[in-house]
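*Asks:* Just need the structure, nothing else, for what follows:
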Amino acid sequence: MSDKITNELQKLLKANVVTEETAKKIQQYFDEKQEGDQNKLSSVFAIVGAILVGLGIILVFAHNWDTLSRLTKTLLSFLPLLIGQLFCGYSILKKPESPTWRESSAVTLFFAVGSSIALIAQVYNIPGDLNSFLMIWMLLCLPLVYLLKSSVVSLLYLTGITYYGCNANYFTYPSLQSYYYWLLLLGIAPHYYKLLKTKANSNFTLFYNWFIALSIVICLGTIAHKNENLMTLSYMSLFTICYFIGQTPFFEKQKLKNNSFLIFGKLGILYLLLLYSFRWFWDKFIYNTASLSETFFSLEFIIVLLLTFFAGLLFYKKNSKTNFKKISILELAFLTNILFFIPGYEFSIMANGIVLAIGISEIKRGNKLNHLGILNFGLLLITILITCRFFDTDLSFVIRGILFITIGLGFFLTNYLMFKKRNRNEK
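*Replies:* Numbers count the residues shown, from 1 in each chain. Next comes the predicted model:
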């Protein structure tokens, strides 16, 4: 503990402000806090050091690679793997309670596995592609997450399988239509669940909340095949599910920056509603199938049904506790999926009304809670809606200019009134 805090405690003891027992507890608290901060810092430096050492070894090999014999290349290819395993073995046997040793050794072995696979394939000209390389690499390193309880490796694993899903289905032509990403994602689920239960407020869990949500949003489109237009409906239901997850008691207790599901859900729903408000999007929403039976029995349609059903289940579970008296418009967004199956129905007009209603409700909520952020978010949403119509309608420039002036004055007046209200309440 710092000398400053120790001196202050001594002064409080002499002044009989705190007892001897209380002073010891305070001192113990700050000692443990300081030790925890030092452990976190040392873990970060150890992880960065392990990554730099691994990259340095690879660069040294690369510089002299062509001059080496095949036997030497083979031995050097396995050398990082051997070193990484020795470090991990030492961590498990001698330092099982040290996060610095566990994380740094696990990261070292993670990159060693990838480099060894790539080097051996290059030495012996083993054919393969990036997708198979990533899958083998991730599967071999998945046990490290559980053996060494390494959250850093689990984040690297999640990044790797996300890139695998994108490369297999988005980046390569022709794409493979691979669903292995979802099986690989299940492999990390127990570790994520344990983090939520034991370390809900840790930095690793914060990263996980964002990484998991982002990874699923990115890779949901990998399901698309012949009826890719249906994926818009799947994303609407997925964002609604994220929104409901973000409103569960567990995530409501978290800070907003930790609640990635709420942020992804809310912004995703609003983005799709704004997209629906364009007529061109509605006109191009057609099925590329020869018959309705092909559409209704496709995997994309089944996913839409499952996600919409799950969103409806979460909607019922949340609002049944309040007898459906506190339903927000955002929570009903997933029901718009039904409108797409009504022949001749143009949803763009209703989408404009829904976004406008959400904006007004956010302004009211911000005013009620005396929260400038929420109030300005509602104003910003209405501004974006008007901007969209700026490029989508034949209104004259004068009318468009008047609309923007009105919105600008609205920003100024609402913020002025909010500050005035706060000053009045403080007096």
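*Asks:* So which bits of stretch 94-113 are buried?
*Replies:* 98-113 (16 or more other Cβ atoms under 10 Å). All C-beta spots, glycine's among them, are computed from the backbone N, C-alpha and C.
*Asks:* Sort out which one of the residues you listed lies nearest residue 197 for me.
*Replies:* Residue 197 has its nearest neighbour among these in residue 99, at 17.8 Å by Cβ to Cβ.
*Asks:* Tell me where the model's unsure across the stretch 201-350 of the chain.
*Replies:* Scanning the stretch 201-350 of the chain with the threshold set as pLDDT under 70 gives 283-294, 340-346.
*Asks:* ranges for the helices of it?
*Replies:* All helices of the stretch 201-350 of the chain, identified by DSSP state H, counting those that start in this stretch, fall at 203-219, 231-246, 249-252, 260-276, 279-283, 292-296, 299-319, 348-369.
*Asks:* Pick the most buried one from those helices.
*Replies:* Stretch with highest mean neighbour count among these: helix 231-246 (a mean of 23; mean count of other Cβ atoms under 10 Å).
*Asks:* closest to residue 87 out of the helices of the stretch 201-350 of the chain?
*Replies:* Nearest of the helices of the stretch 201-350 of the chain (Cβ to Cβ): helix 203-219, 20.5 Å.
*Asks:* Quick one: work out the angle between the closest one and helix 260-276.
*Replies:* In terms of direction (axes from the mean of the first three to the mean of the last three Cα atoms, to 10 degrees), helix 203-219 departs from helix 260-276 by 30 degrees.
*Asks:* Any chance you could list what contacts helix 203-219?
*Replies:* 40, 151-152, 154-155, 158-159, 161-162, 165-166, 169, 181-182, 185, 192, 195-196, 199, 235, 238, 242, 257-261, 264, 268 (Cβ atoms under 8 Å, 6 or more residues apart in numbering).
*Asks:* Which of the three states applies to residue 200?
*Replies:* coil (DSSP: H, G, I helix; E, B strand; the rest coil).
*Asks:* re earlier: strands - which of the contacts of helix 203-219 land there?
*Replies:* With strands defined by DSSP state E, no entry of the contacts of helix 203-219 lies inside them.
*Asks:* Distance of the residue most central in space within the chain relative to residue 262?
*Replies:* The centre of the chain sits closest to residue 210, judged by Cα atoms, centre = their mean, with a distance of 2.4 Å. Remark: distance between residue 210 and residue 262 (Cβ to Cβ, to the nearest Å) = 12 Å.
*Asks:* Now do the domain split for this protein, please.
*Replies:* As recorded under automatic domain parsing, the domains making up the chain are 230-346, 353-427.
*Asks:* Go through the ones you listed and name the closest to residue 83.
*Replies:* Among these, domain 230-346 comes nearest to residue 83, with 36.0 Å by Cβ to Cβ.
*Asks:* Helices of the stretch 51-200 of the chain, start to end?
*Replies:* 70-93, 99-123, 130-147, 151-166, 180-198.
*Asks:* possible to save these as a markdown table with distance to residue 224 and mean pLDDT?
*Replies:* Converted to a markdown table, these look like this (distance: least, Cβ to Cβ, whole Å; pLDDT from 0 to 100):
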| stretch | distance to residue 224 | mean pLDDT |
| --- | --- | --- |
| helix 70-93 | 38 | 85 |
| helix 99-123 | 29 | 85 |
| helix 130-147 | 18 | 92 |
| helix 151-166 | 12 | 92 |
| helix 180-198 | 13 | 91 |
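*Asks:* related to what we said a few turns ago, how about the helices of the stretch 201-350 of the chain in CSV, adding distance to residue 332?
*Replies:* Compiled in CSV, the helices of the stretch 201-350 of the chain are given as follows (distance: least, Cβ to Cβ, whole Å):
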stretch, distance to residue 332
helix 203-219, 21
helix 231-246, 9
helix 249-252, 20
helix 260-276, 10
helix 279-283, 19
helix 292-296, 24
helix 299-319, 8
helix 348-369, 9
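*Asks:* nearest to residue 402, of those?
*Replies:* helix 348-369 (17.3 Å).
*Asks:* would you list the helices of the stretch 51-200 of the chain in a markdown table and tack on distance to residue 413?
*Replies:* Below are these laid out as a markdown table (distance: least, Cβ to Cβ, whole Å):
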| stretch | distance to residue 413 |
| --- | --- |
| helix 70-93 | 61 |
| helix 99-123 | 52 |
| helix 130-147 | 53 |
| helix 151-166 | 45 |
| helix 180-198 | 43 |
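*Asks:* which stretch among those comes nearest residue 383?
*Replies:* Using Cβ to Cβ, these put helix 151-166 closest to residue 383, at 32.9 Å.
*Asks:* Hey, what's the angle from the closest one to helix 99-123? Just curious.
*Replies:* 40 degrees.
*Asks:* please renumber so the chain begins at 39
*Replies:* Understood, numbering begins at 39; the last thing we discussed is helix 189-204.
*Asks:* buried ones in helix 189-204?
*Replies:* Per 16+ other Cβ under 10 Å, helix 189-204 contains these buried residues: 189-196, 198-204.
*Asks:* residues in contact with the residue nearest to residue 164 when sequence neighbours are not counted?
*Replies:* The shortest distance from residue 164 to any non-neighbouring residue, by Cβ to Cβ, 6 or more residues apart in numbering, is to residue 158 (7.0 Å). The contact partners of residue 158, by Cβ under 8 Å, 6+ apart, come to 112, 115, 116, 164.
*Asks:* In the residues you listed, which residue is surrounded by the most others?
*Replies:* residue 115 (20 neighbours; other Cβ atoms under 10 Å).
*Asks:* That residue touches residue 152, doesn't it?
*Replies:* No - when contacts are counted by Cβ atoms under 8 Å, residue 115 is not listed as touching residue 152 (11.6 Å).
*Asks:* Quick one, which of the helices of the stretch 89-238 of the chain gets closest to residue 443.
*Replies:* helix 189-204 (43.7 Å).
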